[in-house]
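> give me coordinates for this.
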Amino acid sequence: MSLDFEALKGLTVEAVDRLRMRIKVTDTDLPPTFKAHIEKIISQVVGELDSVTLTTNPVFLLDKKTHDSLFQNEWNYVGSLMDEIANECFLRQITNMPLSVDEEGIPDVQLSISVDISRGYKTFTYFLNAAGDFDRRNVVNLPTLTLDTNVVRDKWEMRPGVEAVNRLLELSMEMPLSLRVTERIREDVPKPNLSYEIDRLPEIGIRTMGSVIRPKNWRGGIDYPGSLEFNTAYAESTTLDDRKMKRDWKDWDHLHAHFVSKRDIFVTSDCKFRRKARPLTERLGIIIMNPEECVTALESA
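Sure, this is the predicted structure:
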């Protein structure tokens, strides 16, 4: 695989000391081949949606086995890209440098690459081995939070609870922590001036992520198929009246996308929605918290 290293715009390399390097990569920094690869996999599974004419707007669903395979394929691809970056950094940053060695005579070189994509946040750590090649020694999962739209609006509109949201943003600067809001926020907040704020969210440490695919709401290269497991649990855990409430579909899509992306904590300040979702979240093992609870959990970890 060939990786255009220069295509990683926004890539930051922090030289902690001469032979310690850290890199932070986000999905927006990854080359176009990454998104094209994922889109190809999704399209093969879902099929050509442009040829489908529907009067309703259902979520396209996949079973758990297929979803797990899609998830693993994506991370395998990310891993291969990180290997390419590590080798490139080795060639550019370390070649011809005088290397210190440990007691075993192995050069003391370490490279950590943190990659934050919608489907997770991981650190890949590489060490220079005795043969002069990088070995990937370990991959560590880092905390991932999905924010409901109401949490972002608490910040924008200075509503009660904004102090906890501000603290959550501070923590994301202090520790490795991924904060995401799904692209369904654009349907939640369609009108100016707040809609203009969506594209400015990265300035405060929040990035957008894909939602679940609906024929009328599919952002190519970003959204994912939904989960048959989630949909079944939703049908069996909610009342018919809840499922008929059209205004709620965006709320459920946020939670659905969080589940599909295997993220850690869903954060919402909507007590009513949290109460309605409790049977579903308990059944599927989804952790759901309000901002205050989330701050407490992170600070005590």
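> so, low pLDDT: which residues of the stretch 51-200 of the chain?
Scanning the stretch 51-200 of the chain for pLDDT under 70 picks out 51-55, 90-109, 128-134.
> report the buried residues of the top helix by length along the chain.
Longest among the helix segments of the chain by residue count, using DSSP state H, is helix 64-89. For helix 64-89, burial by neighbour count (16 or more other Cβ atoms under 10 Å) applies to 67, 70-71, 74, 77-78, 81-87, 89. All C-beta atoms are positioned from the backbone trio N, CA, C, and that covers glycine.
> chain center to that helix: distance?
Distance of helix 64-89 from the chain centroid (Cα atoms, centre = their mean, to the nearest Å) equals 14 Å.
> in its sheet, what does the helix or strand that it is followed by sit against?
Next in sequence after helix 64-89, counting helices and strands by DSSP states H and E, comes strand 110-117. Strand 110-117 pairs in its sheet with strand 20-26 (parallel), strand 120-128 (antiparallel), by DSSP bridges.
> tell me what angle strand 110-117 forms with helix 64-89.
140 degrees (axes from the mean of the first three to the mean of the last three Cα atoms, to 10 degrees).
> how about strand 110-117, which residues are buried there?
By neighbour count on 16+ other Cβ under 10 Å, the buried set for strand 110-117 is 111, 112, 113, 114, 115, 116, 117.
> I figured the first one hits residue 87, correct?
This points to residue 111. No: judged on Cβ atoms under 8 Å, residue 111 makes no contact with residue 87 at a distance of 9.9 Å.
> show me how the chain divides into domains.
What the record gives for the chain is the domain set 5-141, 144-300, from automatic domain parsing.
> most tightly surrounded among the ones you listed?
Mean neighbour count (mean count of other Cβ atoms under 10 Å) peaks for domain 144-300 among the domains of the chain, with a mean of 18.
> how far off centre is that domain?
12 Å.
> stretch 62-81 too?
14 Å.
> which residues does that stretch contact?
1, 3, 30-31, 34, 37-38, 41-42, 45, 115, 117, 119-120, 122, 124, 136, 139, 224-229, 260, 262 (Cβ atoms under 8 Å, 6 or more residues apart in numbering).
> likewise stretch 274-291?
Identification of contacts with stretch 274-291 by Cβ under 8 Å, 6+ apart yields 151, 154, 161, 164-165, 167-168, 229-230, 233-234, 237-238, 242, 252, 255, 258-259, 264-269, 271, 297.
> among the residues you listed, which lie within helices?
Short answer: the contacts of stretch 274-291 in helices (DSSP H) are 151, 154, 164-165, 167-168, 229-230, 233-234, 237, 242, 252, 255, 258-259, 271, 297.
> hang on, the earlier thing: can you list the buried residues of strand 110-117 in a markdown table and add distance to residue 292?
A markdown table is the format used below for those (distance: Cβ to Cβ, whole Å):
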| residue | distance to residue 292 |
| --- | --- |
| 111 | 38 |
| 112 | 32 |
| 113 | 33 |
| 114 | 27 |
| 115 | 30 |
| 116 | 24 |
| 117 | 28 |
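> my guess is residue 221 meets residue 35, correct?
Yes: between residue 221 and residue 35 a contact is recorded at 4.4 Å, counting by Cβ under 8 Å.
> any idea how far residue 73 lies from residue 64?
15 Å (Cβ to Cβ, to the nearest Å).
> gap between the two ends of stretch 264-271?
One end of stretch 264-271 to the other measures 19 Å (Cα to Cα, to the nearest Å).
> got the contact list for it?
For stretch 264-271, using Cβ under 8 Å, 6+ apart, the contacting residues are 143-148, 150-151, 154, 161, 168, 251, 254-255, 258, 274, 281, 286-291, 294, 297.
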